[in-house]
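Undergrad: All I have is the shape, not the residue letters:
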């Protein structure tokens, strides 16, 4: 059981709808919980006291969209057109076994922890194989067995479909497992990979289980326009009509959503997950994030998979989300640091259905990232929020804590054996590609 | 005198118009010069031999546009509209003294070295005050006293103008100083801050001295359109007509250049300096870089000043230059890693008139950056160039060498006393702003 007091720390605490920066503050963690925040030293004694002078404590980041084990496909087919790239990806994914997934996932978790991520949302294959890996790593995750169905299905076909069975098994065995750090979501890959009856059934099942839904939505122009041709409605309207949004939903990308789509997303409380690096690198485009923020849509951030990113550095997503919309809108004021830091933290936590984290407040889970502020690029400081989004880098992350446990500190992973993972990744790469 | 052999290194060497990656190679440095590159161990003995297994040696980066001492204004007025932001900047710059400039410059050089920059181009104030600072730091720089003239000038007025005198003094005292690491450039701030007669005189002077010219060009739409209203020509046409481009010129930004402008830039051999972070953050827009590359224009990269960036992390510019144009052009193939790495290295060296650096070749200056490849985000490696531009981060830079001397290694600066600089910056900030 943790019992730690951080002394003399900068603390990015919460005030109203935004942040309040506390200088030379005290933050106490008892067990999994933040039990003290203040400018006075608490009377209570903690087992461990740390001088956190020069450190800023911020809420841990929530990476709301990804395919973690795709670290094993990092850089594969870089700079190919999208369709060619997919045809390089798929055969490798077909060859992946459970061991590959485990070590690919561990590599991903290492990357995420070292850039301050305390919780992530995952949509991928064989999740039972990785559930233990996530659980043992100490990080939090909402994960799913992704649904794809290129043909319509009868009720019988649906009930016996392996993806449905796997999701059911997953819910039974892993939902709220590892002291509730793991949550199982439903996931429908996308409009262009799923027939309507399947989407409707899947949406109903999700509602019945009271779970959350992950989807890809209007990522590319092609996808968006072809859906309109096929069904006479946008992907958003299509998912809406099939009752998908009756579930609390995370919609990844939303690059090509239209005005009426945004109204639906707002009305149904859908979270839009912005993946700036992936959208830029793959040439998908610019999601209308400032417009969505103005409409009051809950926007969160994601890295997407390492195959299209090509890393899981959450600080890069924060940086990009802060600057690219200024460029796109010819206006340096359209995105502000507070908005982006909320996307990176509390908005993501809400999207995952984790209402006990996402901010540094007494009574919330101790999901904390500690920034060292000693690097030349962090001097001077005319505003901590601006400094974190525009100037800071993942190497400034000195510690990542989840549920009160330190999982990463100064380059060291406390729950993952880096050397073992590297050996296993090497073996997997050799097996998957016939090369090191 | 350095005498170092790097053994078992990955080497991003040169082949034809691009790169050749050598695995398990040897690179020898004698004095300032690379005197060996190969896959066999050289017969010659070096004083120092380093096992560089797991290290990739790449050409040092050339940061072709910036205002280094503006590190002291980092984060000031973040998220203000451009005009308001400038009105926050200017009074602080007016208050700056030589001591401020020195320590601001040192802070900048630390940042640049730690992200692999071996040479930079600078346009700012009181350059005599910082020339020694640059010289002593061991880094290379082309620097200038920037010309601004809001009123027309007679020849007499021009000759006695303090900016002209300062440039003349600078050339006399510092051009090719510190063993040719320092070069003096001419600099004309921009069309909207300089009257035509002054631009013409300045261009003639530059030509007479055989030096290089730095300018800001078509950074904002306002600047571009107002010039057309004022003179009936684009800024590029205006500078062309005033003979500016008879000099080898670095034109920063070029966000709003038109087709005919690009033809002029190509014809006159002007280097376009792309500053993606600054252009995005300030809301200036997207320079048509892929179009310029296709036309054969020499494109280099820059950070701009820390006031508009808000750091001098060159790896971020490389990353952005690699992905934002894909997003802008809805095509993941418009920018490739080789093109971007050339912008970051050899194209920049050419732009600075430094033909003895910018690539790892025998006989060239040993301006080298060493990447550690052990971080989780650099595994696996399906192509070193792609890995460097899409996945690597400045924290992967483990060593930066200029003219054969190691200036930065594993977080340590060899020629700059970090603690002293931090103290001086603290004093400057207190003096400039009345706060710490």
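TA: Arrived safely, thanks for sending. Keep in mind the model is a prediction, meaning the values are calculated, not measured. Residues are numbered from 1 along each chain as shown, chains lettered A, B, ... in the order given.
Undergrad: Name the helix or strand of chain A that has the lowest mean pLDDT.
TA: Among the secondary structure pieces of chain A, namely its helices and strands, helix A:82-95 has the lowest mean (mean pLDDT, DSSP states H and E), a mean of 87.
Undergrad: tell me which strands and helices that one is in contact with?
TA: With contacts defined as 3 or more CB pairs under 8 Å, 6 or more residues apart in numbering or on different chains; DSSP states H and E, helix A:82-95 has these neighbours: helix A:418-433. All C-beta atoms are positioned from the backbone trio N, CA, C, and that covers glycine.
Undergrad: In the stretch 151-300 of chain A, what residue comes closest to chain B?
TA: Among all residues of the stretch 151-300 of chain A, residue A:280 sits closest to chain B, at 3.6 Å; criterion: CB to the nearest CB.
Undergrad: Quick one: residues contacting the residue nearest the centre of chain A.
TA: A centroid search over chain A (CA atoms, centre = their mean) returns residue A:63, at 1.9 Å, as the residue closest to the centre. Contacts here follow CB atoms under 8 Å, 6 or more residues apart in numbering or on different chains; on that basis residue A:63 touches A:112, A:117, A:119, A:120, A:121, A:301, A:302, A:303, A:312, A:314, A:317, A:348.
Undergrad: Residue A:19: neighbour count?
TA: Residues contacting residue A:19 under the criterion other CB atoms under 10 Å in any protein chain shown number 23.
Undergrad: Let me know the helix or strand that it is in.
TA: Per DSSP states H and E: residue A:19 is located in strand A:18-30.
Undergrad: In that strand, which residues are buried?
TA: Residues of strand A:18-30 classed as buried: A:19, A:21, A:22, A:25, A:26, A:27, A:28, A:29, A:30 (neighbour count, 16 or more other CB atoms under 10 Å in any protein chain shown).
Undergrad: So, low pLDDT: which residues of the stretch 151-300 of chain A?
TA: The stretch 151-300 of chain A contains no residues with pLDDT under 70.
Undergrad: Contact residues of it facing chain B?
TA: A:221, A:277, A:279, A:280, A:281, A:282, A:283, A:284, A:285, A:286 (CB under 8 Å from any CB of the partner chain).
Undergrad: Swap in 6 Å and give it another go.
TA: Taking CB under 6 Å from any CB of the partner chain as the test, the list of the stretch 151-300 of chain A residues beside chain B reads A:280, A:281, A:282, A:283, A:285.
Undergrad: Of those residues, which pair is most distant in space?
TA: A:281 and A:285 (11.5 Å; CB to CB).
Undergrad: Neighbour count: these two, which is higher?
TA: Here residue A:281 and residue A:285 are set side by side on neighbour count (other CB under 10 Å), and the busier one is residue A:281, at 24 against 21.
Undergrad: show me what contacts the more buried one?
TA: Listed by CB atoms under 6 Å, 6 or more residues apart in numbering or on different chains, the contact set of residue A:281 reads B:323, B:326.
Undergrad: Can you give the contact residues for stretch A:148-157?
TA: A:189, A:193, A:194, A:195, A:197, A:198.
Undergrad: likewise stretch A:42-52?
TA: Everything outside stretch A:42-52 that qualifies as a contact, by CB under 6 Å, 6+ apart, is A:3, A:4, A:5, A:6, A:7, A:8, A:9, A:26, A:28, A:36.
Undergrad: hmm, 8 Å instead?
TA: Identification of contacts with stretch A:42-52 by CB under 8 Å, 6+ apart yields A:2-9, A:26-30, A:35-36, A:370.
Undergrad: Quick check: end-to-end length of stretch A:171-178?
TA: Taking CA to CA, to the nearest Å, the span from the opening residue of stretch A:171-178 to its closing residue is 13 Å.
Undergrad: Please compute how far that stretch lies from its chain's middle.
TA: Computed by CA atoms, centre = their mean, to the nearest Å, the chain-centroid distance of stretch A:171-178 equals 19 Å.
Undergrad: Tell me which residues of that stretch come out buried.
TA: Taking 16+ other CB under 10 Å as the neighbour-count basis, stretch A:171-178 is seen to contain the buried residues A:171, A:174, A:175, A:177, A:178.
Undergrad: want to try a markdown table for those, with secondary structure as columns?
TA: Conversion of these to a markdown table gives the following (DSSP: H, G, I helix; E, B strand; the rest coil):
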| residue | secondary structure |
| --- | --- |
| A:171 | helix |
| A:174 | helix |
| A:175 | coil |
| A:177 | helix |
| A:178 | helix |
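Undergrad: And the buried residues of strand A:18-30, which is closest to residue A:69?
TA: Comparing every one of those with residue A:69 (CB to CB), the shortest separation belongs to residue A:29, at 31.0 Å.
Undergrad: quick one on the thing from earlier: so which of the contacts of stretch A:148-157 sit within strands?
TA: Helix and strand membership here follows DSSP state E; of the contacts of stretch A:148-157, not one is in strands.
Undergrad: of all those residues, which two lie farthest apart?
TA: Pairwise distances among the contacts of stretch A:148-157 were taken by CB to CB; the largest, 15.3 Å, belongs to A:189 and A:197.
Undergrad: Show me what from the stretch 1-150 of chain A comes close to chain B.
TA: A:71-72, A:74-76, A:78-82, A:85, A:107, A:110-111, A:114.
Undergrad: Kindly recompute the last result at 6 Å.
TA: For the stretch 1-150 of chain A, the residues in contact with chain B under the definition CB under 6 Å from any CB are A:75, A:76, A:78, A:79, A:81, A:107, A:110, A:111.
Undergrad: What remains of those if I keep only buried residues?
TA: Once neighbours are counted (16+ other CB under 10 Å), the buried part of the residues of the stretch 1-150 of chain A next to chain B comes down to A:75, A:76, A:78, A:79, A:107, A:110, A:111.
Undergrad: Next up, phi/psi of the third one, please.
TA: Backbone geometry at residue A:78, expressed as degrees, to the nearest 10, gives phi -50, psi 140.
Undergrad: Assign a three-state SS to residue A:34, would you?
TA: Classification of residue A:34 into helix, strand or coil gives strand, according to three-state DSSP.
Undergrad: Quick one: residues contacting it.
TA: With CB under 6 Å, 6+ apart as the criterion, the residues that contact residue A:34 are A:362, A:364, A:366.
Undergrad: Which one of these is nearest to chain B?
TA: Within the set of those, residue A:366 lies nearest chain B; the separation is 24.1 Å, counting by CB to the nearest CB.
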